[in-house]
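>>> please find the sequence and the predicted model below.
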Amino acid sequence: MSATRNKRPNAKNRLIQMLFLAVVILVIAGAFSSARTNLADLGISSGFNFLDRSTGWGYSFSLLETNVNDPYKWTLFSGFVNTLFLGTLTIITSTILGFLVGTARDSHNITIQAIATIFIQTFRNIPLILQLVFWYSVLIHMPSPRQAYDLFDIAYLSNRGFMIPSINASPIFFIAILIVLTGYWMLKNRIPQLKQLPTKRLYVTLFGITVLYLLFFIDGPLLSIPELKGLRFVGGTTVPVELVTMIISTSLYGAAYIGEIVRGGLNEVPKGLVEAGNSLGLNERMVWWKIKVPMALRTIIPPLGNQWVFMMKATTVGVAIGFSDLFMLISTSITQSGQTLELIAILMSAFLLINFSLAQFVNYLNTRMRLKGH
Amino acid sequence: MSTLSQSSQKALSLKAPSRSKIFMHILRTRAFHSKVDGFISLCFFAILLTAIYSIFNWALLDAVWLEESVAQCQAAAGACWSVIDARYKLILFGLYPYDLHWRPTLACIAIVTTIILSCLPTFWSTKRLSILWVVGFFTFFFLMRGGILGLTHVPTGQWGGLALTLFLFSSVVLLGMPMGLGLALARRSKLPVISYGVSIFIDLIRSLPLLTTLFVAAVVMPILLPDWMVGDKIWRVIIAFALFFACYQAEVFRGGFQAIHKGQFEAGDALGLSYYQILANIIMPQVFRHSLPGTINMVVVTFKETAIVIIIGFFDVLASANAAFGSALWAPYYMEVYVFVGLIYWSFIFSLSQYGVYLKKRMRIASH
């Protein structure tokens, strides 16, 4: 870039770099040695052996089967699954909501625009954690199960959580179906034999298998609906208050951000394209689906990907209300077992893994959306 | 001939349409474009009006205002602002000694003034901005801490509420800004070891949640550091937060660097200027200008994120809000307290981000 710097003696550059490396290595080594002495004083042996030990403590919410005697590795894995579950769920809800809000913000109708603007300016300008404790307080001040809010006799909202009907089937079956489908979509373009397979027949087969499974391999009723028996609800699934709070607050906060991103993208679409669509006789909905969204997606996806990464990271805030995500279980494990460095390393690698996979996914979307021939 | 003069007279007498006409035009095109459109507009307008009306009733008309009249709260349909009247000092200043409250009041005014002044273009030079912030910050700091000029010493452990939030925010921005610049320059370095090392560090910090960084600073650092380096928890957290800020800010600066054409460096070289002269006199002023919108965005985000310190045990404005309704008398009025704190945050963040929008517009006009 600059000629004078290229003329600088190479030896000096090398010396500076060596010094830099030496300082970095010294800092890391110093941290390790003082960590070793400090941990030895506390009587903690380093290493990952503690992962097989039983924890001896339980936690509020888990998608997997858990109990107090689980080893650390199972507890941490369950936290990882919780984080992934919550992150994915809020990403989906806030993206859908965000597209709605962003479109509304772009609407020609001023009342719709006003409501979308109020939504965005309210939820974007208040810290997530404040919204979290607010919704949490609102939800735990709901009536007790006996006076629960009744939603069409199939779902109930009370201070114990949200009681919803559940399907009486093994989740493993559905996960298997999902894996088959994703595998098909991902490999379709790589393996020619798969491409020749008629897509419709695959869907029909999978649907048939599902129906067969639901009809013949389930004992008891197919749908379990929550019912008030005495002081609590029986049947259905209870979504705990912490999870409901996390979903509501993170979705609204994320939707406000995504709404702004979407509006920005829709704004970037050249006016001439929309007018061309109008003059071809397309109605507003078709202009939106066929012209605006495909064009806008190219500007939307990169910032949207950043927002998704942010939302995955935002799940950690759940610790404030006691949602047992990976961060909460790691910090509890640290206080219980003292294996600080190992647990922090696990936490960091988990988030690196999540971010890396999300980045890959966003890259994939980006290449799919790129203008053909550019 | 006559028709021509008539029409030209007509053209001369054309005035700007009156306000009511513009209003009617907007209504016609943007609210009642078609029948369906009109129906939707009316529905949403009704919803909007009802919402505004009920919020207005709850917050103002039916509200109870004074601490003395807390007995009426049970019966009142509206908000019970008595809790704010009774506890606002706790929310604003936390556990700061009661008889010294004039000090955090002045300190908060000083730092808010600093923030407002730095939004004025008059102060937009590196020198002026640094002087302004250093003066503002140290006024704040010594007013809060005392120990000089005969002021009683108040340790940081007793700071709290909005004052603590503002302290965290301003020290993170003040420390993080030069750190961010340093990281950005290091990442651009021609020396591969330095640029790779710094890139890895920036990307690592950026891919971790802020909470983990702060948690490491608060809980893990005492283990990693030798005893003489551990220091106070609040300083460890501030430094970690500043590092986090710096890593994001470095990327903002990097964007600013990328907007500058290579020819500018070469022109500097041709004039015989040294690397630091080129940087200070040619490149940096432009980098700051280009990265201004991104910087304001980062400042806004940082202000929002300071709320997270409640989790690692600081008594910030959110924690003091929780404490404010933490007695049996005030427990039912949590909503009022959260609305109050929410409004404080909202007004800060909204005005800052609107200022960012205004700046962006201004710069777009300037660049045309």
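Yes, it's here. Residues are numbered from 1 along each chain as shown, chains lettered A, B, ... in the order given.
>>> low-confidence regions, the chain specifically.
You didn't say which chain, so I picked chain A. For chain A, the stretches flagged by pLDDT under 70 are A:1-9, A:154, A:168-169, A:218-222, A:230-231, A:371-374.
>>> switch to chain B, that's the one I care about
For chain B, the ranges with pLDDT under 70 are B:1-13, B:366-368.
>>> Three-state assignment for A:Thr66, please.
coil (DSSP: H, G, I helix; E, B strand; the rest coil).
>>> ok now do the closest residue to it other than its chain neighbours, which residues does it touch?
Nearest residue to A:Thr66 in three dimensions, chain neighbours excluded: A:Ser78, at 5.6 Å (C-beta to C-beta, 6 or more residues apart in numbering or on different chains). To be clear about C-beta, it is placed using only N, CA and C from the backbone, and glycine gets the same treatment. Residues near A:Ser78 by C-beta atoms under 8 Å, 6 or more residues apart in numbering or on different chains: A:62-64, A:66, A:70, A:324, A:329.
>>> what do you get for A:Gly161?
A:238-241, A:243-244.
>>> quick one, strands of the stretch 151-300 of chain A?
Here the stretch 151-300 of chain A has its strands, by DSSP state E, counting those that start in this stretch, at A:155-158, A:161-164, A:166-167, A:223-224, A:227-229, A:232-234, A:237-239.
>>> show me what the first one is packed up against.
Using 3 or more C-beta pairs under 8 Å, 6 or more residues apart in numbering or on different chains; DSSP states H and E as the contact definition, the elements that strand A:155-158 packs against are strand A:149-151, strand A:161-164.
>>> direction included, what does the last one pair against?
Right, strand A:161-164. strand A:155-158 (antiparallel), strand A:237-239 (antiparallel) (DSSP bridges).
>>> send me that strand as PDB with only the CA atoms.
Output of strand A:161-164 as PDB, limited to C-alpha atoms (Å, rounded to 0.1, in the frame of the first residue of the first chain):
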ATOM      1  CA  GLY A 161     -47.500 -21.800  32.300                       C
ATOM      2  CA  PHE A 162     -49.400 -22.300  29.100                       C
ATOM      3  CA  MET A 163     -51.300 -25.700  28.900                       C
ATOM      4  CA  ILE A 164     -51.600 -26.800  25.300                       C
END
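>>> state the distance from B:Gly255 to A:Ser107.
Distance, B:Gly255 to A:Ser107, by C-beta to C-beta, to the nearest Å: 32 Å.
>>> higher neighbour count, the two?
Between B:Gly255 and A:Ser107, counted using other C-beta atoms under 10 Å in any protein chain shown, the more crowded position is A:Ser107 (18 against 15).
>>> look at the more buried one and give its secondary structure.
A:Ser107 ends up coil, using three-state DSSP.
>>> so what's it closest to, chain neighbours aside?
A:Gln113 (5.4 Å).
>>> tell me, how many residues neighbour that neighbour?
17.
>>> same question, A:Ser331
Neighbours of A:Ser331 (other C-beta under 10 Å): 21.
>>> and the gap between B:Gly38 and chain A?
10 Å (C-beta to the nearest C-beta, to the nearest Å).
>>> looks like that residue contacts B:Ala31 (just checking).
Yes: with contacts counted by C-beta atoms under 8 Å, B:Gly38 reaches B:Ala31, the gap being 7.0 Å.
>>> of those two, who's got more company?
Between B:Gly38 and B:Ala31, B:Ala31 has the larger neighbour count (other C-beta under 10 Å), namely 19 against 15.
>>> for the closest residue to that one other than its chain neighbours, give me phi and psi.
Closest residue to B:Ala31 apart from its sequence neighbours, by C-beta to C-beta, 6+ apart: B:Ser41 at 4.3 Å. Note on B:Ser41: backbone dihedrals following degrees, to the nearest 10 are phi -60, psi -50.
>>> just list the residues touching B:Ser41, thanks.
A:109-112, B:31-32.
>>> what's the farthest-apart pair in those?
Across these, no pair lies farther apart than A:Ile112 and B:Phe32, at 13.0 Å, counting by C-beta to C-beta.
>>> neighbour-wise, which of these two wins?
Per other C-beta under 10 Å, whichever of A:Ile112 and B:Phe32 has more neighbours is A:Ile112, with 21 against 16.
>>> can I assume that one is in contact with B:Phe44?
Yes: between A:Ile112 and B:Phe44 there is a contact under C-beta under 8 Å: 5.9 Å.
>>> out of the contacts of A:Gly161, which is most surrounded?
Neighbour max across the contacts of A:Gly161 (other C-beta under 10 Å) = A:Val241, 24 neighbours.
>>> give me the contacts around stretch B:241-254.
With C-beta under 8 Å, 6+ apart as the test, stretch B:241-254 has contacts from B:168, B:171-173, B:175-177, B:179-184, B:187-188, B:201-202, B:205-206, B:210, B:213-214, B:217, B:287, B:291, B:294-295, B:297-298, B:301-302, B:306.
>>> and for the closest residue to chain A within the stretch 251-368 of chain B, the neighbour number?
Nearest residue of the stretch 251-368 of chain B to chain A: B:Ala307, at 3.8 Å (C-beta to the nearest C-beta). Neighbour count for B:Ala307, taken as other C-beta under 10 Å: 26.
>>> hang on, it is in a helix, isn't it?
Yes: counting by three-state DSSP, B:Ala307 is located in a helix.
>>> quick one: which helix or strand includes residue 87?
This is for chain A. helix A:72-105 (DSSP states H and E).
>>> switch to chain B, that's the one I care about
Counting by DSSP H and E, B:Arg87 is part of helix B:82-93.
>>> does that helix reach chain A?
No: applying C-beta under 8 Å from any C-beta of the partner chain, one finds helix B:82-93 separated from chain A by no less than 12.6 Å.
>>> and the helix or strand that that helix is followed by, anywhere near chain A?
Scanning forward in sequence from helix B:82-93 by DSSP H and E, the next helix or strand is helix B:102-117. No: against chain A, helix B:102-117 shows no contacts by C-beta under 8 Å from any C-beta, the least distance being 15.9 Å.
>>> who touches helix B:102-117?
Residues contacting helix B:102-117 (C-beta under 8 Å, 6+ apart): B:92-93, B:96, B:123, B:132-133, B:135-137, B:139-141, B:143-144, B:146, B:151, B:154, B:159, B:161-163, B:166-167, B:170.
>>> can you name the element that comes right after it?
helix B:126-145.
>>> got the buried residues for that next one?
B:132-133, B:136-137, B:139-141, B:143-145 (16 or more other C-beta atoms under 10 Å in any protein chain shown).
>>> ok, and which of the strands paired with strand A:161-164 has the densest surroundings?
strand A:155-158 (a mean of 20; mean count of other C-beta atoms under 10 Å in any protein chain shown).
>>> pull the CA atoms of that strand into PDB?
Once non-C-alpha atoms are left out, strand A:155-158 reads as follows in PDB (Å, rounded to 0.1, in the frame of the first residue of the first chain):
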ATOM      1  CA  ALA A 155     -55.600 -24.500  25.900                       C
ATOM      2  CA  TYR A 156     -55.300 -22.600  29.200                       C
ATOM      3  CA  LEU A 157     -53.100 -19.800  30.400                       C
ATOM      4  CA  SER A 158     -52.300 -19.600  34.100                       C
END
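>>> what's near enough to touch the spatially most central residue of chain A?
For chain A, the residue nearest the mean C-alpha position is A:Gly87 (1.7 Å; C-alpha atoms, centre = their mean). By C-beta under 8 Å, 6+ apart, A:Gly87 lies in contact with A:311-312, A:315, A:354.
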